[in-house]
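Peer 1: Got a predicted structure plus its sequence, pasted below:
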Amino acid sequence: MWGRARPGRRGREEFKSKMTTYSAIRSDAWLLLSIIYASRFPPVTLAKIQSAADFIRHTFLTHEELNLGLKRLIENGLVRKAGEAFYPAELVLIAADRGARQILQEF
């Protein structure tokens, strides 16, 4: 499986790059959820984001997941930065609230 790339088979590099891409998307969702949780106790500092991430998955975000994820979330308007603090966009909070209500209605 991890040997040399052969015609018609995936090479190791291609497989790893696809996993990295998937991991980045998943870690961005984890990071955003961590910011949403931490926003209940403003200001949302990096330490609070890491604490919320640890609460959610019992592990910390790596330096790369945190920095690149914050950059992507800010560039896409999902998170805003104010000084040293980070806050979820209003639209994100509305969507999270609607999602929580829908889940509660199903039970």
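Peer 2: Looks like it came in fine. Numbers count the residues shown, from 1 in each chain.

Peer 1: going forward, measure contacts between C-alpha atoms and count neighbours the same way
Peer 2: Noted.

Peer 1: Skipping adjacent residues, who's closest to the residue minimising distance to the centre of the chain in space?
Peer 2: Nearest to the geometric centre of the chain sits residue 28, at 2.2 Å (C-alpha atoms, centre = their mean). Nearest residue to residue 28 in three dimensions, chain neighbours excluded: residue 69, at 5.3 Å (C-alpha to C-alpha, 6 or more residues apart in numbering).

Peer 1: since we're on that neighbour, how many residues are nearby?
Peer 2: Residues lying near residue 69 (other C-alpha atoms under 10 Å) number 22.

Peer 1: mind listing what residue 57 touches?
Peer 2: If a contact means C-alpha atoms under 8 Å, 6 or more residues apart in numbering, then residue 57 has no contacts.

Peer 1: That should have said residue 62, apologies.
Peer 2: Residue 62 neighbours (C-alpha under 8 Å, 6+ apart): none.

Peer 1: Backbone dihedrals for it, please?
Peer 2: phi -70, psi 170 (degrees, to the nearest 10).

Peer 1: Distance check, it against residue 34.
Peer 2: From residue 62 across to residue 34, the span is 14 Å (C-alpha to C-alpha, to the nearest Å).

Peer 1: returning to what we had before: what secondary structure does the residue nearest to the centre of the chain sit in?
Peer 2: Under the three-state scheme (DSSP: H, G, I helix; E, B strand; the rest coil), the conformation of residue 28 reads as helix.

Peer 1: Let me see the mean pLDDT of stretch 25-40.
Peer 2: The average pLDDT for stretch 25-40 rounds to 93.

Peer 1: how about that stretch: buried residues?
Peer 2: Using 16 or more other C-alpha atoms under 10 Å as the test for burial, stretch 25-40 gives 27-28, 30-39.

Peer 1: Please convert those to TSV, extending it with secondary structure and distance to residue 106.
Peer 2: Shown next, in TSV, are the buried residues of stretch 25-40 (DSSP: H, G, I helix; E, B strand; the rest coil; distance: C-alpha to C-alpha, whole Å):
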residue	secondary structure	distance to residue 106
27	helix	27
28	helix	27
30	helix	23
31	helix	26
32	helix	24
33	helix	21
34	helix	24
35	helix	25
36	helix	22
37	helix	22
38	helix	26
39	coil	26
